[in-house]
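**Student:** Below is the structure, and that's it, no one-letter string:
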């Protein structure tokens, strides 16, 4: 049973793929959705499509907002809050969509005035396309949503943030600490993107495109990557990511040496472990 | 216009996933298909399903065969030919389905009697399941088929082998030398399987299965791997595979160091190259 008050005014900051998809989903559920974006075209498009009620390229909508969703590039989130810390309505709740947490959450909670609260969230949804014109609430179906509270957060804020995930249509909603989140994301998302990039860049492969099967295409789909955003995400989660990269590089070297010295038993044991673990990742039908 | 004579007797040696799928496809096109397998259950199943005309667990069907398709484990192909080199019908054509070539093709062509010819082929189709019960001619749709002739092969044998690929329903048919084939396959298939295995085995990840998105699942689908077969394939193509593994490990280290020293320009350039190259791999709609 969802309890979140439909009278609340929602402000989305940043109308890209994710911000636009939030707007569409919330609008369909009957909420009042406003938006800020520095790009007048994005605002005009969203108004025309009726996925927002009001839109501005300046900050004038902040003071009306009961709930603020920050859908900005990772490096901009903290600065935006710092710049507007005097504009928030008393009692307002803020959340975000950023793919890393430790590097921003504590800082934001330090900056915020006493009568506003920031509760972090990571919607694990994305596409290899950008911008509000490609937005769709369907990207949340089947995807994971993670609420990332700190000790400073109130139970009410955590409950609202979970409910937001449900309203958006996410299939799985979980709660992790910033440190748990960043370690997990370094492995399942950031390391995999590094691997896909390295696989594309380690060989001049254009002449091979006629010979690639599904496995190569699957492995490199994410090699078509938003360079600006992922560079920020990698740098902001550097410590956790480097640890996994080192672990993966060591494991590749182990396999390499097993193949080199034809260690049949060793290689088969690795493959059996791999198959057994992968079996647990299959989606239940 | 296909010209291959329907009166030819085809013998499939090894009724697993690939052998069974060949049988189904050829039977649907009206050919006479016999099969040998050491497993009486596989033969009984194939007869019951009417995907073969005759089946045996011994070698008695070899002498009737005009065309022989070897669908055995890589390490067994050469030995099987050596064992039966006196049984082949004069003028018979043999082909295979093996995922590596240099390590077997030259040896087989040396062993074969003068009045038989071996023309190598690699059907780049597979699944994460095994056995004749999972076979289906649909696995060839959209897939690549590679004819791998040597200087010893006649134009007629090459033409027949290409035609076989068309009859089976492959979408793309190409011709490569054994060395070109093995180099290509080391990169697009063997290296990618090594990467998927290493990604699964480098971290005890069972607790992470609730947080994995599509990209992680895509990257590790092939981590559920037939350990016996892939160990053979890796060892038999060791030189080419090790070269690509070393290149990939070096590239991962380069990315690792760029992240460590926060080399923004360097990392973005890698990602841009990756995106540009990956774009060329997208399937035309």
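**Tutor:** Sure, I can see it. Predicted model only: the values in this text are computed from it and were never measured.

**Student:** contacts and neighbour counts: CA atoms only from here.
**Tutor:** Fine.

**Student:** Show me what residue of the stretch 101-250 of chain A gets nearest to chain B.
**Tutor:** In the stretch 101-250 of chain A, the residue that lies nearest chain B is residue A:224 (3.9 Å; CA to the nearest CA).

**Student:** Phi first, then psi, for that residue.
**Tutor:** Main-chain torsions, residue A:224, degrees, to the nearest 10: phi -90, psi 100.

**Student:** For it, list the residues it contacts.
**Tutor:** Applying CA atoms under 8 Å, 6 or more residues apart in numbering or on different chains to residue A:224 gives the contacts A:128, B:271, B:274, B:275, B:276, B:278, B:279.

**Student:** Was I right to think the third one contacts residue A:221?
**Tutor:** No. In this structure, residue B:274 sits apart from residue A:221 without contact. The criterion is CA atoms under 8 Å, and the distance is 10.4 Å.

**Student:** confidence score at the residue of the stretch 101-250 of chain A closest to chain B?
**Tutor:** For residue A:224, the pLDDT comes out at 90.

**Student:** Run through the helices of chain A in chain order.
**Tutor:** Counting by DSSP state H, chain A has helices at residues A:17-28, A:40-48, A:74-84, A:102-111, A:155-168, A:178-185, A:192-201, A:214-220, A:227-236, A:238-260, A:264-279.

**Student:** Check those helices for me: which has the lowest mean pLDDT.
**Tutor:** Mean pLDDT is lowest for helix A:214-220 out of the helices of chain A, coming in at a mean of 82.

**Student:** Give me the packing partners of that one, helices and strands only.
**Tutor:** For helix A:214-220, the packing partners by 3 or more CA pairs under 8 Å, 6 or more residues apart in numbering or on different chains; DSSP states H and E come out as helix A:192-201, helix B:192-201, helix B:214-220.

**Student:** Ok, which of the ones you listed comes nearest residue A:87?
**Tutor:** For residue A:87, the closest of these is helix A:192-201, at 37.5 Å, according to CA to CA.

**Student:** roughly how far is that closest one from the heart of the chain?
**Tutor:** Centroid separation between helix A:192-201 and its chain, computed with CA atoms, centre = their mean, to the nearest Å, is 19 Å.

**Student:** Not counting that helix itself, show me its contacts.
**Tutor:** Helix A:192-201 is contacted by residues A:219-223, B:215-216, B:219, B:248, B:251-252, B:255, B:270-271, B:273-274, B:277-278 when judged by CA under 8 Å, 6+ apart.

**Student:** returning to that earlier point: list only buried entries from the contacts of residue A:224.
**Tutor:** The neighbour-count test (16 or more other CA atoms under 10 Å in any protein chain shown) marks B:271, B:274, B:275, B:278 as buried among the contacts of residue A:224.

**Student:** gap between the residue minimising distance to the centre of chain A and chain B?
**Tutor:** Nearest residue to the geometric centre of chain A (CA atoms, centre = their mean): residue A:99, 3.9 Å. Note on residue A:99: its distance to chain B, by CA to the nearest CA, to the nearest Å, is 13 Å.

**Student:** That residue contacts residue A:231, doesn't it?
**Tutor:** No. Taking contacts as CA under 8 Å, residue A:99 lies outside contact range of residue A:231: 11.8 Å.

**Student:** that older thread, I'd like the contacts of residue A:224 as TSV, with distance to residue B:92 appended.
**Tutor:** Output for the contacts of residue A:224, formatted as TSV (distance: CA to CA, whole Å):
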residue	distance to residue B:92
A:128	51
B:271	52
B:274	47
B:275	48
B:276	47
B:278	43
B:279	44
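
**Student:** List the contacts of residue A:8.
**Tutor:** By CA under 8 Å, 6+ apart, the contact set of residue A:8 is A:31, A:32, A:65, A:66, A:67.

**Student:** now the third one: how far from residue A:90?
**Tutor:** If you measure residue A:65 against residue A:90 using CA to CA, to the nearest Å, the figure is 10 Å.

**Student:** How about the first one?
**Tutor:** In this structure, residue A:31 and residue A:90 are separated by 20 Å, where distance is defined by CA to CA.

**Student:** From the neighbour counts alone, determine which of those two ranks first.
**Tutor:** Taking other CA atoms under 10 Å in any protein chain shown, residue A:31 and residue A:90 do not tie; residue A:31 has more neighbours (20 against 14).

**Student:** ok now do the more buried one, which residues does it touch?
**Tutor:** A:6, A:7, A:8, A:9, A:10.

**Student:** and these, which of them are in strands?
**Tutor:** Residues of these located in strands (DSSP state E): A:9, A:10.

**Student:** Just among the contacts of residue A:31, which is most surrounded?
**Tutor:** residue A:10 (28 neighbours).
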